[in-house]
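Trainee: Please find the sequence and the predicted model below.
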Amino acid sequence: MDGRVSHAFTTLGFKIYLNSGVSYSGLCDTKTRSITLRAANDTAYHELGHFLAFIAGNADKSSEFQAIYNEEKGKYTAINKAYATQNSAEYFAESFKEYTLDPSALQKNRPKTYNAIVNALSKVTDQQIAKVQAVYGPIWK
């Protein structure tokens, strides 16, 4: 796991909860500063991908990433392709999971996506964390 993401996660007071009773595999909720997982598994990395996109200024919704998504989503081959490629947010999150678990495969198969993840990670600085805290802190209280 990239240390910048875990640092931002803890600094901003986010928590991970396990709840076997939920109907979904995982959910990142920035309003409640939480990730809820049905089970402790690799889904955590996917949900942390949503967190990264949020911290990096909604990187998954930028016009630059939208272009990468449209160009490279067809190269995504995992069993959950329909889910992971339904929109740029899920594609970004699933790509962060792949970046975490097998970065060389991501770099080889979807190099622009790999570079977009690296770029998003480069935006996770103490300044950016402070900016997110300043903007969302009043909402989180």
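Mentor: That came in fine, so what should we check first?
Trainee: can you tell me which residues contact Ala56?
Mentor: 120-121, 123-124, 128 (Cβ atoms under 8 Å, 6 or more residues apart in numbering). From N, CA and C alone the C-beta is placed, and that goes for glycine too.
Trainee: ok, of those, which come out buried?
Mentor: 120-121, 124, 128 (16 or more other Cβ atoms under 10 Å).
Trainee: Just name the closest of these to Met1, please.
Mentor: Set against Met1, the nearest of those by Cβ to Cβ is Leu121 (11.2 Å).
Trainee: Can you tell me the element the most centrally placed residue in the chain falls in?
Mentor: Closest to where the C-alpha atoms of the chain average out (Cα atoms, centre = their mean) is Gly49, at 1.2 Å. Using DSSP states H and E, Gly49 maps to helix 43-55.
Trainee: now that helix: how far from the chain's centre is it?
Mentor: 2 Å (Cα atoms, centre = their mean, to the nearest Å).
Trainee: and that helix, C-alpha only, in PDB?
Mentor: Extracted in PDB, the C-alpha atoms of helix 43-55 (Å, rounded to 0.1, in the frame of the first residue of the first chain):
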ATOM      1  CA  THR A  43     -11.800  -4.900  -2.000                       C
ATOM      2  CA  ALA A  44     -10.200  -2.600   0.500                       C
ATOM      3  CA  TYR A  45      -7.700  -1.500  -2.200                       C
ATOM      4  CA  HIS A  46     -10.500  -0.700  -4.600                       C
ATOM      5  CA  GLU A  47     -12.200   1.500  -2.000                       C
ATOM      6  CA  LEU A  48      -8.900   3.200  -1.200                       C
ATOM      7  CA  GLY A  49      -8.800   3.900  -4.900                       C
ATOM      8  CA  HIS A  50     -12.000   5.900  -4.500                       C
ATOM      9  CA  PHE A  51     -10.400   7.700  -1.500                       C
ATOM     10  CA  LEU A  52      -7.300   8.500  -3.600                       C
ATOM     11  CA  ALA A  53      -9.400   9.900  -6.400                       C
ATOM     12  CA  PHE A  54     -11.200  12.100  -3.900                       C
ATOM     13  CA  ILE A  55      -8.000  13.300  -2.200                       C
END
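Trainee: What helices and strands are in contact with it?
Mentor: helix 3-11, strand 26-29, strand 34-37, helix 88-101, helix 111-122, helix 126-140 (3 or more Cβ pairs under 8 Å, 6 or more residues apart in numbering; DSSP states H and E).
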